[in-house]
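>>> coords below, sequence missing:
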């Protein structure tokens, strides 16, 4: 049985974009294009320079236009470029997962734990296979 346990949020995945991880290859098996890498490299280089200069993230004045929007645009453009490879189904499979699972979310402000099922393959709420181990005495 698959479990996905979260604390105060409902995200299924926490996928990241980075200067090193090829999200296309990792998510749907097709490497990102040179165009994508050419656009994001200077942005991530700038981030590395900020880090080297010990700049604090909250002190950066124009991070929305300098970092967030250009990276998101490069990501969007790459997804559009890759769509010629019919990645939609592969992308949804990555985002939802390869297996059915239950997701448990602890929500502090409501003082509840919520359970969601992701049964896209129809394997939840089925009897488990019984395994018999010769000479085993656990289930007498």
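Cool, the structure landed. These figures come from a predicted structure and were not determined experimentally. Numbering: from 1, shown residues only.

>>> assumed residue 98 was part of a helix.
No - Residue 98: not assigned to a helix; according to DSSP: H, G, I helix; E, B strand; the rest coil it is coil.

>>> now do the same for the most centrally placed residue in the chain: its pLDDT.
In the chain, the centroid-proximal residue (C-alpha atoms, centre = their mean) is residue 15; its distance is 2.8 Å. Looking at residue 15, its pLDDT stands at 77.

>>> okay, now the unreliable bits of the protein?
Along the chain, the model assigns pLDDT under 70 to residues 1-13, 127-140.

>>> please go through it and pick out the longest helix.
Once the chain is assigned using DSSP state H, the helix that runs over the most residues is helix 34-52.

>>> just to revisit the earlier point, show me the contacts for the residue nearest to the centre of the chain.
With contacts defined as C-beta atoms under 8 Å, 6 or more residues apart in numbering, residue 15 is in contact with 23, 27, 95. (Each C-beta comes from the backbone N, C-alpha and C, glycine too.)

>>> kindly write the PyMOL command that selects the buried subset of those.
In PyMOL, this line selects whichever of those come out buried by 16 or more other C-beta atoms under 10 Å:
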select buried, resi 23+27
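
>>> let me see the ranges of the strands in the protein.
Secondary structure of the chain by DSSP state E: the strands cover 3-7, 101-107, 112-118.
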